[in-house]
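J.: fold the following, please.
(one chain, ligands or ions: 3)
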Amino acid sequence: MPTRAFAAQSPTSPLAPHAITRREPLATDVEIDILFCGVCHSDLHFARNEWGMTVYPVVPGHEILGRVTRVGKGVSQFRPGDLAAVGCLVDSCRTCDHCARGLEQFCMGGPVFSYNGPDRHSGGMTFGGYSEKIVCDEAFTLKVPANLDPARASPLLCAGITTYSPLRRWGAGPGKKVGIVGLGGLGHMGVKFAHALGAHTVLFTTSEGKAADGKRLGADEVVISKDPAQMARHAGSFDLIVDTVSADHDLNAYLAMVKLDGSLVMVGVPPTPQQLSVFSLLMPRRHLSGSLIGGIGETQEMLDFCGARNIVCDIELIRMQQINEAYERMLRSDVKYRFVIDMASLKG
Ligand code: NAP
Ligand code: ZN
Ligand code: ZN
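T.: Ligands and ions are numbered 1, 2, ... in the order given. Now for the predicted structure:
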């Protein structure tokens with residue numbers, strides 16, 4: 001099916017209209033008319049080939065939420081008219097040890113990401129949510145709780161799961177001191193989730209102007225990370241810090257905040273290697289880890305958690321045609337706290 005989309009054609013070209021082809025729904029496929037798509041910093045990293053792995057043209061977007069228009073004969077979980085969502089994953093081998101454990105993002109045969117991944121059907125690359133519709137196997141399609149505002153729920157599909165997963169895995173909860181570094185798309189959901197899970201939540205931000213929002217979103221304390229005196233007050237005190245920063249920064253400064261046997265978990269991906277002093281790990285015995293989105297089952301668990309607690313994202317709705325300006329603002333940390341594309345603007 002011919003499908004309207006926005007794509008980048010090279011690392012330096014702005015995103016612009018581009019026609020793609022979506023497959024006709026197969027027996028287990030769901031066709032979704034995309035209503036909203038969140039704008040993740042990974043979209044920008046990919047559009048500009050900052051991680052050196054982009055295949056052009058690239059249609060970014062993996063915070064996809066819309067309405068089901070057609071389903072294949074074998075589909076049992078979705079019907080036309082349902083709200084449905086697709087996140088960062090559209091396929092995996094489904095048989096390896098990691099898939100069997102619900103960790104499809106670490107599929108040993110290679111997970112298929114929603115964009116810039118090898119499409120098992122077309123033989124080309126997958127195209128993401130900056131488009132009017134998507135066709136996805138029902139096994140990778142998620143249900144959206146009816147009480148959540150759809151535009152504000154769409155960033156849960158990446159910003160939500162990417163922060164929920166490490167907070168759950170590393171035990172954020174009552175009696176734990178948890179830090180979130182960076183108040184952007186991921187960070188603001190990290191603050192909301194850490195607070196909702198009952199942890200003492202501390203936001204580290206470089207933007208003084210975000211301190212009041214940090215508290216409103218659920219932080220018990222806000223630390224301006226450029227102020228060494230404020231940083232020193234928290235030395236060696238955290239059970240867990242989740243670092244969402246997208247650019248170069250000093251990891252050693254955050255490791256210094258972690259207590260014995262505590263962890264600094266990286267989810268932000270600065271494009272260049274970061275410096276680490278091994279002494280930051282030795283004294284006193286700290287862990288440095290990473291976390292990548294979450295599996296399909298855990299993503300549904302996160303959506304259901306948000307439905308039960310009425311948790312959604314703080315967003316600024318934009319038109320598809322504003323995407324290049326949105327990228328520039330995201331680079332200036334000027335977004336409160338996630339851009340979401342109203343896909344009606346692409347169809348109109
Ligand atoms: P974002 O909305 O742009 O937020 C990033 C935040 O980092 C900014 O708002 C800013 O917060 C802080 N920051 C930016 N530049 C900084 C600098 N030079 N020094 C210190 N802090 C800085 O981005 P996002 O969409 O949340 O994504 C964040 C990162 O996570 C990106 O690298 C993205 O690719 C990655 N990501 C990873 C996964 C995964 O599975 N691991 C999933 C999605 C995204 P303050 O203004 O508060 O300082
Ligand atoms: Zn993302
Ligand atoms: Zn697998």
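
J.: hey, let's count contacts and neighbours off CA atoms from now on
T.: Noted.

J.: angles on the backbone of the spatially most central residue of the chain, please.
T.: For the chain, the residue sitting closest to the mean C-alpha position, by C-alpha atoms, centre = their mean, is residue 158 at 2.4 Å. Dihedral pair for residue 158: phi -130, psi -60, per degrees, to the nearest 10.

J.: next one: residue 47
T.: phi -60, psi -40.

J.: could you check how far it is from residue 10?
T.: Look at residue 47 and residue 10: by C-alpha to C-alpha, to the nearest Å, they are 8 Å apart.

J.: so between these two, which is more surrounded?
T.: residue 47 (28 against 16; other C-alpha atoms under 10 Å).

J.: the residue nearest to the centre of the chain and residue 295, how far apart?
T.: Computed with C-alpha to C-alpha, the distance linking residue 158 and residue 295 is 11 Å.

J.: circling back to that earlier point, quick one: contacts for the residue nearest to the centre of the chain?
T.: By C-alpha atoms under 8 Å, 6 or more residues apart in numbering, the contact set of residue 158 is 40, 62-63, 87-88, 293.

J.: and these, which are buried?
T.: When the contacts of residue 158 are checked for burial by 16 or more other C-alpha atoms under 10 Å, the buried set is 40, 62-63, 87-88, 293.

J.: returning to that earlier point: CSV for the contacts of residue 158, including pLDDT?
T.: Shown next, in CSV, are the contacts of residue 158 (pLDDT from 0 to 100):
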residue, pLDDT
40, 98
62, 98
63, 98
87, 98
88, 98
293, 98
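
J.: will you turn the buried ones among the contacts of residue 158 into JSON lines that also has distance to residue 153?
T.: Converted to JSON lines, those look like this (distance: C-alpha to C-alpha, whole Å):
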{"residue": "40", "distance to residue 153": "14"}
{"residue": "62", "distance to residue 153": "13"}
{"residue": "63", "distance to residue 153": "9"}
{"residue": "87", "distance to residue 153": "12"}
{"residue": "88", "distance to residue 153": "15"}
{"residue": "293", "distance to residue 153": "16"}
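
J.: okay, the residues you listed in a markdown table with secondary structure and distance to ligand 2 next?
T.: Shown next, in a markdown table, are the buried ones among the contacts of residue 158 (DSSP: H, G, I helix; E, B strand; the rest coil; distance: C-alpha to the ion, whole Å):
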| residue | secondary structure | distance to ligand 2 |
| --- | --- | --- |
| 40 | coil | 4 |
| 62 | coil | 6 |
| 63 | coil | 7 |
| 87 | coil | 8 |
| 88 | coil | 7 |
| 293 | coil | 8 |
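
J.: residue ranges in the chain under the pLDDT threshold?
T.: Low-confidence segments of the chain (pLDDT under 70): none present.

J.: residues in it within reach of ligand 1, list them.
T.: 40-42, 158-159, 162, 182-187, 205-207, 244-249, 267-270, 291-293, 330, 333 (C-alpha under 6 Å from any ligand atom).

J.: can you do 5 Å?
T.: 40-42, 182-186, 205-207, 244-247, 267-269, 292-293, 330, 333 (C-alpha under 5 Å from any ligand atom).

J.: what about those residues, which are in strands?
T.: residue 205 (DSSP state E).

J.: can you say which of the residues of the chain next to ligand 1 are buried?
T.: For the residues of the chain next to ligand 1, a neighbour count by 16+ other C-alpha under 10 Å gives the buried set as 40-42, 182-186, 205-206, 244-246, 267-269, 292-293, 330, 333.

J.: can you give me the helices in the protein?
T.: 41-47, 97-100, 150-153, 159-169, 185-196, 211-217, 228-232, 251-255, 279-282, 296-309, 323-331, 344-347 (DSSP state H).

J.: please work out which residue of the stretch 101-250 of the chain is closest to ligand 3.
T.: With C-alpha to the ion, the shortest gap between the stretch 101-250 of the chain and ligand 3 falls at residue 107, namely 3.6 Å.

J.: circling back to that earlier point, ok, and of the buried ones among the residues of the chain next to ligand 1, which contact ligand 3?
T.: The subset of those within reach of ligand 3, by C-alpha under 5 Å from the ion, is empty.

J.: domains of the chain?
T.: 2-158+294-345, 160-290 (automatic domain parsing).

J.: distance across the shortest one, terminal residue to terminal residue?
T.: It refers to domain 160-290. Span of domain 160-290 from end to end, C-alpha to C-alpha: 16 Å.

J.: show me how far that domain is from its chain's centre.
T.: Distance, stretch centre to chain centre, for domain 160-290: 16 Å (C-alpha atoms, centre = their mean, to the nearest Å).

J.: that one and ligand 2 in contact?
T.: No - judged by C-alpha under 5 Å from the ion, domain 160-290 stays clear of ligand 2, getting no closer than 7.9 Å.
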